[in-house]
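Here is the input, now give the coordinates:
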Amino acid sequence: MKETFIKERVKVELRSPILIEGLPGLGLVGKIAIRYLVKQLKTKKLAYLYSPHFPYFVLVNRKGSVRLLRGTFSFWENKVGRNDLILFTGDSQAQTIEGQYEISDYILDFAKQYNVEMIVSIGGYRMEVKEKPKVIAAATNQELLNKALQAKAVLSSMGSPIVGTAGLILGLARFKKIAALCLLGETRGYLPDPRAAKSVLEVLKTMIGVNVDLTGLDNEIEKADKMVMRLQKIEEKRVLQAEEIRKEEDKRVTYIS
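Below is the predicted model:
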């Protein structure tokens, strides 16, 4: 494989689709959000994206079969609203700068192929969160940004970079003449963060009018909170042990003196 390519599984006619992208990144916010939508909406597979810019290993399932890392497009036909959905997530982001641009470009070309009305990229925004995570918004036009703010997102601070596919899609979308929005959930970033993903999905469902029950994330949030508490206790114990060692070393130095 010398270049990125997309392998379509089916041909479908979609109505004014919105493409929502969420790849692994800070706190896995984007991946968790898309994975949850895929499960709740019972989407169907549309296409796979393969690239030599993904990490160079294969995944092995329980039966011993292997597959390359890939991105997956799935679709959902909206029976009550005007916009169908195309959802995109994957096993990894590209590992090279060139790959980041190339894969973002392929996603945008795929969006053009299906006459996508709007693209939403989802990611994480590193922040030490003590309460409900805020959702940071940036967009290619003011109208789209205003809709996000009305849905209780907040403005991105001046000069803050949006790294990876989530940001590049926003930047490259202008050249494809597609409206694009980026929603970033505040997250510590070092553990999977379903709480941040839920905050993003609350903003998103308000904006696009898709009725998705988000209570299913609460169990994941509870598990994540327990993991954070365990890590905090381990860190507190490590600090106490380090302090005890320092005191013992100080005693030795005083005795020798």
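
Now do the buried residues in stretch 21-39.
For stretch 21-39, a neighbour-count test (16 or more other CB atoms under 10 Å) marks 21-38 as buried. The C-beta positions use only the backbone N, C-alpha and C, and glycine is treated the same way.

unless I'm mixing things up, residue 120 is touching residue 183, no?
Yes. Judged on CB atoms under 8 Å, residue 120 makes contact with residue 183 at a distance of 6.3 Å.

hey, what's in contact with both of those two?
When contacts are counted by CB atoms under 8 Å, 6 or more residues apart in numbering, residue 120 and residue 183 have residue 204 as shared neighbours.

what about residue 249, which helix or strand?
Under the criterion of DSSP states H and E, residue 249 resides in helix 218-256.

and that helix, how far out from the chain's middle?
Here helix 218-256 is found 31 Å from its chain centre; the criterion is CA atoms, centre = their mean, to the nearest Å.

Could you list every helix and strand that that helix packs against?
When contacts are defined as 3 or more CB pairs under 8 Å, 6 or more residues apart in numbering; DSSP states H and E, helix 218-256 packs onto helix 194-208.

tilt between the helix holding residue 249 and helix 194-208?
If you take axes from the mean of the first three to the mean of the last three CA atoms, to 10 degrees, helix 218-256 sits at 140 degrees to helix 194-208.

Which positions in helix 218-256 come out as buried?
220, 224.

how about residue 109, secondary structure?
helix (DSSP: H, G, I helix; E, B strand; the rest coil).

Tally up the residues packed near the closest residue to it other than its chain neighbours, please.
Spatial nearest neighbour of residue 109, excluding adjacent residues (CB to CB, 6 or more residues apart in numbering): residue 176 at 7.6 Å. The tally of other residues near residue 176 (other CB atoms under 10 Å) stands at 15.

Quick check: pLDDT value at residue 176.
For residue 176, the pLDDT comes out at 93.

Enumerate every residue touching it.
With CB under 8 Å, 6+ apart, residue 176 has these contacts: 108-109, 111-112.

Tell me the spacing between it and residue 116.
Distance check for residue 176 against residue 116: by CB to CB, to the nearest Å, it reads 9 Å.

Could you give the average pLDDT over stretch 34-49?
Across stretch 34-49, the average pLDDT comes to 97.
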